[in-house]
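Participant: 3D model of this:
(chains A and B)
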Amino acid sequence: MRRIFLFFISLGISPVVLAQEQQGFPATGQPGLPGFEQRQEMPAVKKQGAPRNMEIPNMRLAADSTRYLLWEAGKLSPAFIRQLMPSGFNTVQIDYGSHKGKFIAAQEATSDRTFSFSTEGKTNIGKTDLWGSFNYQRIVEDSTRFRHQTRYNTTTPYYYGSPVYISYRRALYQTNVGLSHYFFNNHLPLGIGMDYRIGNHFSVNDPRGAINDYQFTLNGSTGYSLGKKFTATIDAYYGYGSEVVNIAYKNSQYGESTVYPEYVNYAINGYSEPNPKLTNRNYRTRFRRNGLGFSILYKDKTFGTFAATAKRIKEKQFYYYRSDGGFDTLAHYNLTTTKTNIIWSKRRFAVSFAYEALKGEDLHKTYNANNYQYRSKSYTFRTVYTGRIMNYGVQLNNNTAERMDGISGNHVQYEHITVQPNIGWNHTTKNKDHWGADLALHYTQAVNPFIYTSPVNANYFIHQVVQYDYYYNAASSAGGKFSLQYTKHFNGFYAGLKGTIAYTEAFNESSLILEGAMKPGRDRAYGNIALQFYF
Amino acid sequence: MKKISYLLLLITIATVYSCKKEDAVSTGIQPVNLTVNLTYALESSDYTLPVKGVSVKITNTNTASQLSASANDSGIARFTGIPAGTYDIDATITIDADNYYTITGTYIADDITFNASEKNAVIAVGKDLSMNMTLVAGTTGQWVIKQVYFAGSHRTEGALYRDQFFEVYNNSDQVLYADSLYIGQVYGRQSSTSSNYYTLSNGQMDWSKSVNMPADIDANNDYVYTRTLLMIPGNGTTYPVQPGSSIVIAQTAMNHKVPWTGANGTTITVKNPDLTVDLSNANFEAYYAGFLSSPLASDVDNLAVPNLEVLQYFGNDWILDNNGRDGYVIFKVDGSQIVKNWPMYNFPTTSTPSSTAVKYYQIPLKYVIDAVEIQPNTAEDRIPKKFGAQYDAGFTSVPKGAYSSQSVIRKTAKTVNGRIVLKDTNNSTEDFDYFDVATPGGFK
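Facilitator: Numbers count the residues shown, from 1 in each chain, chains lettered A, B, ... in the order given. Below is the predicted model:
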């Protein structure tokens, strides 16, 4: 196997400036989740005029938006690894980015700085295809509030929070592995996937939250394969995880009474005004999940490549307080995730569809009934065309989110429609050095936002979270992202730099007057610089 | 080729269609009907007391929203369509003295109040709830607990806990003697979380399971258990207290607003005198340093203020729980009782306590003159009640909680010939208010 080292500045997972929820880009602290719906395009950097077989395979894949989309799709199911992920594609990436600006959701950070190191690669061991990735992130979040969280489980009704702004530090480690092997003369595919994440999170000012979490998910797939043309599998998923949350105070007077209301630790349990929780300020969450899905892949020279996968995973979350005397149940939360991904590609063109739905509902311990409901849906259509010099893409997204609290009657509902075209330019010099530029614009239109909050007992949480988020999500926004990269060819590898800047501004804010509500700012900026190795 | 294309198109359409819109969101929360059935706990069956008009109030512990209803002729109060949740349910009726005499033939000097209470009652979805509550008339004594300053003041700006005090009031129209008045700090569960104790249905300890507890007594209803027991000294007539006057019992009888010298020679001071109190004129103080090997520097002996006799203590000074998790009783006994010889018991732990485990005095409630149940100020941190309705049907707390400078203060009921009579219905929820800054000798 020929191994070529590239030292290349590029970016596969850097988040663009976020408009409202779910524009298809990972939020702060969320590494690029496997799945092509999460990725931004890689600009094409094909060498002009050179014979195709002179291209370095890794470089060609990374530079080809269409093929890279297929690579990303290969991570969705072990059944796709062999057909969609060419062997020998190995990368190491170092990345530093920062967000700043107050056009953010209530529980986001007004600014953050993220350093990440990631590597991934695909190889063969005998007849077994093996893909793996590792990602490490070190994140500094300034000025986040009303939620001590890992940013992994954002829909839950149960967590701790305080009105005061705090600064969080996070260290995240994530490993993903997938392998695929075909038995019985390539008729019986067997695939195994594993995702493992460990996180350590803590705030450096009062109230000092400390959270340790891990998540582990295993999936297996098997089915029938007809040579290299057709594979169909049934996929099964099983996973578990844990979060351990503890709140402490350096200045103990902030936490032992309600004299300093901004520092009071609240136990949020639903979507209404929470109660102060001054003692026993710790809890644990146990996660259990399982699910089923299927994957289909068809590849034909005439037809192109078609891949579809769907899965539904049901997760049970159990919140409890552990003491010397035993366990005290705090809350139950069930979250069902349904995902569908379809992609079709032929030569330089690809089109994809991604659907994701979350359905969360709790079983409130006090009421012995379901009190909190969460729903979200996201539909994303994307087309990509890679030309010799230019590449083009457009993405359409529709997403909705809804939360309801039964006791208070609080109910919010948002919908966004986003269009995001992009165009890229590439130039290769005689020395095989590459210049690239990419411009992406996005426009998000808020559609029919709705809010009802009970006037009874409205206080910090209603004003600073529920109503704030309404204003955030009821606004339309637009912005753009520009990236410029230079990649130098060395003997056997490539090296380069890539810089990205992005900006989003809100407009058409809601004119609804919600007495006492806090409002978000109007803009958000992002900057990023990245290094990448290919070998 | 065409067949495959059609098949794949069909799969695509089917998959996209499966992402269909779902029904409107709704939750499982349904309103609940609550029926409260009221009866009296009467020692005689020769008469019945009126149940019509008993006032029943339910308070949602989360939202603090309240609903009230009056009982009908059958003693039933109904609440329809209330939100599920956790509620404090309080029932009360006051029968004037003349009416009470007409019904019972028993003369009483003042109007009598009957209370019933159920705290932290969980009213869950799925069933209509019927609750039986028994109205009891508690003991109304001549002495009442007037003010309890348990919260203390700011840790760095104020005096921490060293400025705590306890105030007892002569609520009668005659001179009373404070001599041999006992003050008990009643202990129990400090948390509602799972424990290694035997517990009752309300979560409080089941003292009947304590080691060596006699089987022929009602260990939970006829007694409470203290972790501190103090007594005012005197020969019986040493410390007279005039009607409408009070005695202030300080942890440390110093003026905490100004610097003073501690037992180890260091200067004890506060940054903000407005947060604390002057206790240099307290009537009594709890002085532990005389018998402790390592007392607190702040536990100095003000020679102008008599010291309490200490029968039982914990810690290095008379520290009241700043979070408000202790109850308090005052009582007197007749000459037949030697209090310091009363039995003491371990916590009713599920495992056998060690020989060195702490024991707690068992205080017979029949001697208790007044009792006050105190709770933390936040609903999440509530603890199981220690007193039954005949001693304190409710509870009181300070709104801001620990180290807030706030105290609980018994309300003024009326003024008779210039003498203030404090409210005493054996329901601290109704009888007490709070001072934003504790005020020894103050009224509200």
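Participant: Could I get the full set of helices for the chain?
Facilitator: Let's take chain A. Assigned by DSSP state H, the helices in chain A fall at A:57-63, A:65-73, A:78-84, A:460-461, A:467-474.
Participant: The chain in question should be chain B.
Facilitator: Under the criterion DSSP H, chain B contains helices at B:2-18, B:97-104, B:389-392, B:428-431.
Participant: Where does the prediction get shaky in the chain?
Facilitator: If you meant another chain, say so; for now it's chain A. Residues of chain A that meet the criterion pLDDT under 70 lie in A:1-64.
Participant: hmm, I had chain B in mind actually
Facilitator: In chain B, residues with pLDDT under 70: B:1-23, B:139-140.
Participant: who's in contact with residue 172?
Facilitator: Answering for chain A, as no chain was given. Listed by Cβ atoms under 8 Å, 6 or more residues apart in numbering or on different chains, the contact set of A:Leu172 reads A:29, A:31, A:135-139, A:197-200. Any C-beta I mention is one placed from the backbone N, CA and C, and that applies to glycine too.
Participant: meant chain B actually
Facilitator: B:142-143, B:243.
Participant: and if we set it to 6 Å?
Facilitator: Counting by Cβ atoms under 6 Å, 6 or more residues apart in numbering or on different chains, B:Ser172 touches B:142, B:243.
Participant: Check the gap between it and A:Val456 for me.
Facilitator: 43 Å (Cβ to Cβ, to the nearest Å).
Participant: Then A:Leu439?
Facilitator: Going from A:Leu439 to A:Val456 by Cβ to Cβ gives 50 Å.
Participant: can you check A:Tyr320 too?
Facilitator: Distance from A:Tyr320 to A:Val456, counting by Cβ to Cβ: 29 Å.
Participant: go on, A:Arg524?
Facilitator: From A:Arg524 across to A:Val456, the span is 34 Å (Cβ to Cβ).
Participant: Same question for B:Tyr47.
Facilitator: Distance from B:Tyr47 to A:Val456, by Cβ to Cβ: 43 Å.
Participant: can I see the domain layout of chain B?
Facilitator: What automatic domain parsing lists as the domains of chain B is B:32-137, B:143-435.
Participant: Tell me which of the ones you listed lies nearest to A:Thr487.
Facilitator: A:Thr487 lies closest to domain B:143-435 among the domains of chain B, at 56.7 Å (Cβ to Cβ).
Participant: Pull the distance from the closest one to the chain's centre.
Facilitator: Relative to the mean C-alpha coordinate of its chain, domain B:143-435 is positioned 10 Å out (Cα atoms, centre = their mean, to the nearest Å).
Participant: What is the end-to-end distance of that domain?
Facilitator: 21 Å (Cα to Cα, to the nearest Å).
Participant: I'd like to know which residues of chain A are adjacent to chain B.
Facilitator: Applying Cβ under 6 Å from any Cβ of the partner chain, we find that chain A lies next to chain B at A:253, A:256-259, A:267, A:275-279, A:306, A:308, A:310, A:321, A:323, A:325-326, A:328, A:340, A:342, A:355, A:366-371, A:373, A:375, A:402, A:404, A:406-407, A:456-457.
Participant: Using CSV, lay out the helices of chain A together with mean neighbour count.
Facilitator: Converted to CSV, the helices of chain A look like this (neighbours: other Cβ atoms under 10 Å in any protein chain shown):
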stretch, mean neighbour count
helix A:57-63, 22
helix A:65-73, 24
helix A:78-84, 27
helix A:460-461, 22
helix A:467-474, 23
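Participant: Go through those and name the closest to B:Ile112.
Facilitator: Checked against Cβ to Cβ, the stretch from the helices of chain A lying closest is helix A:460-461, at 43.7 Å.
Participant: Could you name the helices and strands sitting against that closest one?
Facilitator: Using 3 or more Cβ pairs under 6 Å, 6 or more residues apart in numbering or on different chains; DSSP states H and E, no helix or strand is in contact with helix A:460-461.
Participant: go again using 8 Å as the cut-off
Facilitator: Secondary-structure packing of helix A:460-461 (3 or more Cβ pairs under 8 Å, 6 or more residues apart in numbering or on different chains; DSSP states H and E): strand A:266-269.
Participant: what comes into contact with the strand it packs on?
Facilitator: Contacts for strand A:266-269 (Cβ under 8 Å, 6+ apart): A:146-147, A:157-162, A:274-277, A:330-331, A:362, A:364, A:372, A:460-461, B:380.
Participant: ok, it: who's next to it in the sheet?
Facilitator: According to DSSP bridges, strand A:266-269 has the following sheet partners: strand A:158-161 (antiparallel), strand A:275-276 (antiparallel).
Participant: Dihedrals phi and psi, the closest residue to A:Gln253 other than its chain neighbours?
Facilitator: Spatial nearest neighbour of A:Gln253, excluding adjacent residues (Cβ to Cβ, 6 or more residues apart in numbering or on different chains): B:Arg155 at 4.8 Å. Phi and psi for B:Arg155, reported as degrees, to the nearest 10, are phi -60, psi -40.
Participant: and B:Met231, what is it in contact with?
Facilitator: So B:Met231 contacts B:180-183, B:308-309, B:311, B:339 (Cβ under 8 Å, 6+ apart).
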